[in-house]
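Engineer: generate a structure from the sequence data that follows.
(one chain, ligands or ions: 1)
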Amino acid sequence: MNEKINLFDLDRPAMEAFFAAQKQPSYRARQLLQWVHQYGVTDFNVMSNLSKELRQKLSDIAECRLLTPAMDKVSSDGTRKWLLRLQDGNCIETVYIPEKNRGTLCVSSQVGCMLNCTFCSTATQGFSKNLSVGEIIGQVFFAVRALSASNGHHDKAITNVVMMGMGEPLLNFDNVVSAMSLMMDDLAYGLAKRRVTLSTSGVVPQMYRLAEVSDAALAVSLHAPNDELRNQLVPINKKYPLSELIAACKSHFSPESKRKVTFEYVMLKDVNDSPQLAKQLVRLLEGVPAKLNLIPFNPFPKTQYQCSDEDTIQRFKEIVMRSGIQTTVRKTRGEDIDGACGQLVGDFNDKTRRKERFLREKIVVNRDV
Ligand code: SAH
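Structural biologist: Coordinates of the predicted model:
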C-alpha cells in the first residue's frame with residue numbers, strides 16, 4: 001500500500017491546505033506548483049529554495065507519481081498518440097494534435113467509459129475507473145516533457161487542452177474540475193480559460209454545477225436533433241432529453257460573456273446526415289449561443305456505421321451556416337494511428353465486461369451474414 005501523498009493530486013487550494021497542515025507558509029504551495037508543473041522537477045532534492053529539512057520531510061511523506069509511456073505512435077500528419085500506464089497497471093490514451101498556430105492535447109478523464117454511445121470505440125471497451133487528479137494532470141505533465149524532449153518546443157507546444165479523450169468528464173466531476181484548474185493556473189500550465197474545453201455527452205445536472213465552479217469552455221456531443229434518434233446514438237439522452245440539455249446549454253455562459261457552446265455532431269452515413277435533420281438542428285439551436293463542429297465519423301473494427309460522403313457533409317454544413325450558426329468540419333487527424341475521435345481504447349481490466357459482450361454479439365452478427 002502506497003501511503004505517500006501524490007502531489008500531482010493537489011490543485012492550488014489543496015496544495016495550500018497540505019502545507020498549512022505541515023505548518024508551512026502558503027508560499028510553499030506556490031513554490032511546489034512551479035517546481036513540479038513549470039520546471040518539471042519532481043525530485044525534492046533539486047528544489048533549491050526549500051530548506052534541507054523541508055526537502056527531507058517531503059521525501060518522507062510525499063511523491064510525484066508519474067505516468068509512463070507504454071506506446072508512442074506518430075501519425076503521418078504529425079498527430080502523436082501515447083498509451084500511458086498508470087501506477088495501477090491500467091493504460092489510457094492521450095493524443096497531441098499539432099496545427100499551424102496551435103497544439104491541442106486531447107486528455108482522458110476515465111479508464112474506459114460507462115456510457116454506451118453506439119458510434120464510439122471507447123464504449124466497446126467498458127469501464128474500469130475514474131482517473132485521479134494526478135492521473136489527469138499527469139497526462140499534461142507527461143506530454144509537455146515528451147514534446148520538448150523530441151522537438152525542443154518547450155512548453156509552448158501545447159496551447160489548448162480538450163477533455164475529449166477516453167471517458168465522460170462530468171461523471172468524474174471533482175477530479176476533472178481540479179485538474180482543469182491546474183491547466184488554467186498561472187503557477188502550473190497557465191492556459192487561457194477559452195483554451196481548456198470540457199466535452200460532455202450531456203450529463204445535465206453536472207453541467208449546471210460546472211457553470212458555477214469552472215471557467216472552462218464547453219462542448220456538447222449532440223449528434224442528433226431529436227430525442228428519438230439521440231436516444232439511439234447517445235443513450236444518456238433517455239435520462240436527460242434534449243429539452244433539458246438545451247436549457248442547460250442556454251444558461252451555461254452569461255450573455256455578457258459572449259461565449260458560445262460548441263456542439264459536436266458526428267456525421268454518420270444515412271443515420272443523422274439528411275438535409276431534413278440539418279433543418280431540425282437549426283430549429284433546435286435557435287436562441288442558443290452555439291457553434292457547430294461536424295466530425296466525420298472515424299471507423300473502428302466491427303462498427304456498424306460509415307462516414308457520410310463529403311458532399312453530404314458540405315450540404316449539411318451549408319444548411320446550418322445559412323441560419324447564421326458558425327459551422328466547421330473537423331479535419332480528421334491521426335487516423336492511421338487510431339488516434340482520431342472515438343478511436344481511443346487504452347488497455348485495462350473492464351469491470352463491466354462490456355468488451356466481452358460486444359465481441360460475442362458481433363461474432364454472432366457476423367455469422368448471420
Ligand atoms: N464523453 C465525452 C468526451 C469524449 S469526446 C463526450 O461525449 O463528449 C470525444 C468526441 O468524439 C465526442 O464528441 C464523441 O461523440 C466523438 N466521437 C466518438 N466516437 C467517434 C467516432 N468514431 N468518430 C468521430 N467522433 C467520435
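
Engineer: residues touching Lys193, list them.
Structural biologist: For Lys193, the contact set (CB atoms under 8 Å, 6 or more residues apart in numbering) comprises 184, 215-217. All C-beta spots, glycine's among them, are computed from the backbone N, C-alpha and C.

Engineer: give me the number of residues near the nearest residue to Val271 once chain neighbours are set aside?
Structural biologist: Spatial nearest neighbour of Val271, chain neighbours left out: Tyr305 (6.6 Å); criterion: CB to CB, 6 or more residues apart in numbering. Per other CB atoms under 10 Å, the neighbour tally for Tyr305 reads 19.

Engineer: any idea how far Phe263 is from Tyr305?
Structural biologist: 19 Å (CB to CB, to the nearest Å).

Engineer: could you do Leu218 as well?
Structural biologist: Counting by CB to CB - Leu218 and Phe263 are separated by 10 Å.

Engineer: these two: who's more crowded?
Structural biologist: Phe263 (26 against 21).

Engineer: next up, the contacts around the more buried one.
Structural biologist: Phe263 touches 219-220, 222, 285, 290-293, counting by CB under 8 Å, 6+ apart.

Engineer: at 6 Å what do you get?
Structural biologist: Residues in contact with Phe263, defined by CB atoms under 6 Å, 6 or more residues apart in numbering, are 220, 222, 290, 292.

Engineer: host element of the closest residue to Gln87 other than its chain neighbours?
Structural biologist: Closest residue to Gln87 apart from its sequence neighbours, by CB to CB, 6+ apart: Arg65 at 5.5 Å. Following DSSP states H and E, one finds Arg65 outside all helices and strands.

Engineer: any idea which of the contacts of Lys193 the model trusts least?
Structural biologist: Among these, Asp215 carries the lowest pLDDT, at 95.

Engineer: tell me the confidence at the nearest residue to Asp185 once chain neighbours are set aside?
Structural biologist: The shortest distance from Asp185 to any non-neighbouring residue, by CB to CB, 6+ apart, is to Arg12 (5.7 Å). Reading off the confidence values, Arg12 has pLDDT 98.

Engineer: what is the neighbour count of Arg12?
Structural biologist: Arg12: 18 neighbours (other CB under 10 Å).

Engineer: how near is it to Asn175?
Structural biologist: Relative to Asn175, and taking CB to CB, Arg12 is found at 15 Å.

Engineer: would you agree Arg55 is in contact with Val41?
Structural biologist: No. Between Arg55 and Val41 there is no contact under CB atoms under 6 Å: 11.5 Å.

Engineer: list the contacts of Leu170.
Structural biologist: 200, 203, 206.

Engineer: hang on, it in a helix?
Structural biologist: Yes. The assignment for Leu170 (DSSP: H, G, I helix; E, B strand; the rest coil) places it in a helix.

Engineer: give me the distance between it and Gly78.
Structural biologist: From Leu170 over to Gly78 (counting by CB to CB), the distance is 30 Å.

Engineer: now swap in Gly287 and tell me
Structural biologist: 39 Å.

Engineer: so between these two, which is more surrounded?
Structural biologist: Gly78 (13 against 8).

Engineer: picking that back up, in helices only, show me the contacts of Phe263.
Structural biologist: When helices are assigned by DSSP state H, not one member of these lies inside them.

Engineer: which of the residues you listed tops the neighbour count?
Structural biologist: Leu222 (29 neighbours).

Engineer: leaving out chain neighbours, which residue sits closest to it?
Structural biologist: Phe263 (4.5 Å).

Engineer: next SSE after the helix or strand hosting that neighbour?
Structural biologist: Using DSSP H and E, Phe263 sits within strand 261-267. Using DSSP H and E, the helix or strand that follows strand 261-267 towards the C-terminus is helix 275-284.

Engineer: helices and strands around that next one, which ones?
Structural biologist: Judged by 3 or more CB pairs under 6 Å, 6 or more residues apart in numbering; DSSP states H and E, the packing partners of helix 275-284 are helix 310-322.

Engineer: is the ligand contacted by the helix it packs on?
Structural biologist: No. Judged by CB under 6 Å from any ligand atom, helix 310-322 stays clear of the ligand, getting no closer than 12.3 Å.

Engineer: how far off centre is that helix?
Structural biologist: 27 Å (CA atoms, centre = their mean, to the nearest Å).

Engineer: for the stretch 151-300 of the chain, which segments count as helices?
Structural biologist: 173-184, 204-213, 227-233, 242-250, 275-284 (DSSP state H, counting those that start in this stretch).

Engineer: deepest in the core, which of the ones you listed is it.
Structural biologist: With neighbours taken as mean count of other CB atoms under 10 Å, the helices of the stretch 151-300 of the chain reach their highest mean count in helix 173-184, at a mean of 23.

Engineer: taking helix 204-213 as reference, get the angle to that helix.
Structural biologist: 40 degrees (axes from the mean of the first three to the mean of the last three CA atoms, to 10 degrees).

Engineer: what helices and strands are in contact with helix 173-184?
Structural biologist: helix 133-151, strand 196-200.

Engineer: out of these, which comes closest to the ligand?
Structural biologist: Of all the helices and strands packed on helix 173-184, strand 196-200 sits nearest to the ligand, with 3.6 Å by CB to the nearest ligand atom.

Engineer: rewinding a little: just send the contacts of Leu170 back as a markdown table, with distance to the ligand too.
Structural biologist: Supplementary listing: the contacts of Leu170 in a markdown table, determined by distance: CB to the nearest ligand atom, whole Å:
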| residue | distance to the ligand |
| --- | --- |
| Thr200 | 5 |
| Val203 | 9 |
| Gln206 | 12 |
